[in-house]
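*Asks:* What follows is a predicted protein model with its sequence.
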Amino acid sequence: MNTSKNQSSRPKLIIRNARASDIPGIRALNAKAYAALGAHAAFSEAQLRGHQHQFPEGQFVAVYKDAIVGYGATFRISGDIALKPHDWTTITGRGFGSQHDQTGDWLYGMDVCVDPDYRGLRIGQRLYNERRRLCEHLRLKGIVFGGRIPGLSRRWKSIGSAEQYVEQVRDGKVRDTVMSFQMRNGFEPIGVLSNYLPFDHESRGFATHMIWRNPRVAQDDAEMRPRGVRRPRSARVAAIQYQQRPIKSFEEFAAQVEYFVDAVADYKADFAVFPELFTLQLLSIENRHTSAAKAIAALNNYTERFKKLMSDLAVAYNVNIIGGSHPTQAPDGSIYNIAYVFLRDGSIHEQYKLHPTPNERYWWGIRGGTDLTAIDTDCGRIGVLICYDAEFPELARHLIDQGALILFVPFCTDERQSYQRVRYCGQARAVENQCYVVMAGNVGNLPNVENMDIQYAQSCVLTPCDFPFARDGIAADTTPNAEMVSIADLQLDNLVDARQYGTVQNLRDRRFDLYSVHWVDKQPVPARAVAGQQPASETPAGPPPSEAAQ
């Protein structure tokens, strides 16, 4: 009896698929496991979100005593790519796993790391075993990766080349902590990858090109394997071209907003998008000119009522609402232009505008945020770029790397030239990222409200320019300067197919060997408390060392 109790009370080591709630623990593990290589070696929060979005069944964590002590990241890829010379940055899409191919016939090992304090528990071996089970379940040809050879640097003078070092390790003449472990787990080296991880000085930038062949699948039976067919998915989006008109009360504002939410709900819309700064309509209640400071203070008084209204509508009408944007004062007095996203499950998310326009800085003293985070919804992952932010291509790419399929762009422009800047940039973002872009703007005017005296908008839903999509890259649009709603059905699987088989394949064809965008890790700006809010985005750093299992 006592023995049974003691056994049941012992901590268990569990291998399972990674979850969004695991991301902080994985980051801490990465930082600890790769401490010798510097902070840049750890995955960023955005990269880890990308892993889980691209291929959730291929991400594993080892949990012991309620702590994450091991992590393994994989994605699927064609052998035509994985079995040829490559480097880590290019094949992993700069660590986001964005080169994942749902029909790929090989499983690629992006990373395995283990907490140094728990290496006696055979965690690395367990993670490798889990990968093999996944590979066999999917009937893939095998597993391939670039493995570190940390013993190379200290033996460089006596051996003289990475190829000779790998040969000696393979022949058992030299022991390498990583490569020897991988060989014991059934992997074989088929070559050496040069310049694989340039900052991995222990390996002098080299890696072993390792494979494990699935014995349950003949290497020429690709036609017999399931090709990863998924059920078609779609999302119905509604861009609300909202007319600014003077109102007398918050209740009048609420009635006008509810009218549109009710209307798009009747059309079974999954998303309703309001324009940027549309809540400035609340300043017309007093119907008198006031200073910018007083105007912001007045708007701030409506923030909680606005959030409650929109969240209640999202739940009641079963619609995910991108609530335009609302100027909000932080506890330290700073003012930010924030897009509140109200999901129909009751959760609320924030996306700060990162690039205030000169007018926003001048009239309202608005500052730029520091975080850009993709948001998980019941229709897939989305991103929000507030107006001017859509004119900076690196922002959209950062959201796409995190797995966003639809970018929502609430905007506010006063005349046609301003509008066209946002429109043309929105179309460019759709083409270069092979994603959908949904734009919603204001029309009408508000006397006595600074920066909202005149408006110009033609709201629209934009697509990539390829055969599965609308002929002109426009799924739907509106009549300029008329209050109305534009609705479109977006086939999300068309994006996946275009990225894999399109006439052009912008995401796959990126030259990671020539260029990349690295985000600076900054502390999030002071935020207001938001129910159900996701943690702020961290910025992606350099790639972690690959396959450092033991």
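*Replies:* Cool, the structure landed. Residues are numbered from 1 along each chain as shown.
*Asks:* From here on, just use CA atoms for contacts and neighbour counts.
*Replies:* OK.
*Asks:* For Pro447, grab the count of nearby residues.
*Replies:* Each residue near Pro447 was counted by other C-alpha atoms under 10 Å, and the total is 17.
*Asks:* err, Lys294, not the other one
*Replies:* 10.
*Asks:* Could you report the pLDDT at it?
*Replies:* According to the per-residue confidence, Lys294 scores 78 in pLDDT.
*Asks:* Wasn't it part of a helix?
*Replies:* Yes - Lys294 sits within a helix when classified using DSSP: H, G, I helix; E, B strand; the rest coil.
*Asks:* Please report how far it lies from Glu286.
*Replies:* 12 Å (C-alpha to C-alpha, to the nearest Å).
*Asks:* Equivalent analysis for Lys157, please.
*Replies:* 80 Å.
*Asks:* of these two, who's got more company?
*Replies:* When neighbours are counted by other C-alpha under 10 Å, Lys157 and Glu286 differ, and Glu286 comes out ahead with 14 against 9.
*Asks:* Quick check, the more buried one in contact with Lys248.
*Replies:* Yes - shown here, Glu286 and Lys248 form a contact pair, counting by C-alpha atoms under 8 Å, at 7.4 Å.
*Asks:* Ranking helices and strands of this protein by mean pLDDT, which lands last?
*Replies:* The element with the least model confidence among the helices and strands of the chain, by mean pLDDT, DSSP states H and E, is helix 2-9, at a mean of 49.
*Asks:* going on from that one, what's the next piece of helix or strand?
*Replies:* Note on helix 2-9: by DSSP states H and E, the next helix or strand toward the C-terminus is strand 13-17.
*Asks:* neighbouring strands for that following strand, and are they parallel or not?
*Replies:* strand 59-64 (antiparallel) (DSSP bridges).
*Asks:* Going C-terminal from the partner strand, what's the next secondary structure element?
*Replies:* Sequence order places strand 67-77 as the next helix or strand after strand 59-64, per DSSP H and E.
*Asks:* So for that next one, what gets flagged as buried?
*Replies:* If you call a residue buried by 16 or more other C-alpha atoms under 10 Å, then strand 67-77 has these buried ones: 68-77.
*Asks:* repeat for stretch 157-169
*Replies:* Using 16+ other C-alpha under 10 Å as the burial criterion, the residues of stretch 157-169 that qualify are 162-163, 165-166, 169.
*Asks:* I'd like the average pLDDT over that stretch.
*Replies:* For stretch 157-169, the mean pLDDT works out to 94.
*Asks:* Just checking the distance from it to the centre of its chain.
*Replies:* How far stretch 157-169 lies from its chain's middle: 40 Å, per C-alpha atoms, centre = their mean, to the nearest Å.
*Asks:* those strands in the stretch 51-200 of the chain, which residues are they?
*Replies:* In the stretch 51-200 of the chain, the segments counted as strands under DSSP state E, counting those that start in this stretch are 59-64, 67-77, 106-114, 142-147, 188-193.
*Asks:* Run through who's touching the longest one.
*Replies:* With C-alpha atoms under 8 Å, 6 or more residues apart in numbering as the contact definition, strand 67-77 has outside contacts at 22, 25-26, 29, 51, 54-55, 58-63, 97, 99-115, 118, 123-124, 127.
*Asks:* same question for that strand, mean pLDDT?
*Replies:* Mean predicted confidence for strand 67-77 is 97.
*Asks:* do the same with the first one
*Replies:* If you average the pLDDT over strand 59-64, you get 96.
*Asks:* With just CA atoms, put it into PDB.
*Replies:* Once side chains and other backbone atoms are set aside, the C-alpha atoms of strand 59-64 remain, and they are given as PDB (Å, rounded to 0.1, in the frame of the first residue of the first chain):
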ATOM      1  CA  GLN A  59       5.400  21.100 -31.700                       C
ATOM      2  CA  PHE A  60       6.200  19.100 -28.400                       C
ATOM      3  CA  VAL A  61       7.000  20.000 -24.900                       C
ATOM      4  CA  ALA A  62       8.300  17.900 -22.000                       C
ATOM      5  CA  VAL A  63       6.700  18.700 -18.700                       C
ATOM      6  CA  TYR A  64       8.100  17.700 -15.400                       C
END
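*Asks:* What residues of stretch 297-307 count as buried?
*Replies:* 298-300, 303, 306-307.
*Asks:* ok, how many other residues are close to the closest residue to Asn17 other than its chain neighbours?
*Replies:* Of all residues not flanking Asn17 in the chain, Phe60 sits nearest, at 4.4 Å (C-alpha to C-alpha, 6 or more residues apart in numbering). Using other C-alpha under 10 Å, Phe60 has 23 neighbouring residues.
*Asks:* Centre-most residue in this structure?
*Replies:* When C-alpha atoms, centre = their mean is applied to the chain, the residue found nearest the centroid is Gln402 (1.5 Å).
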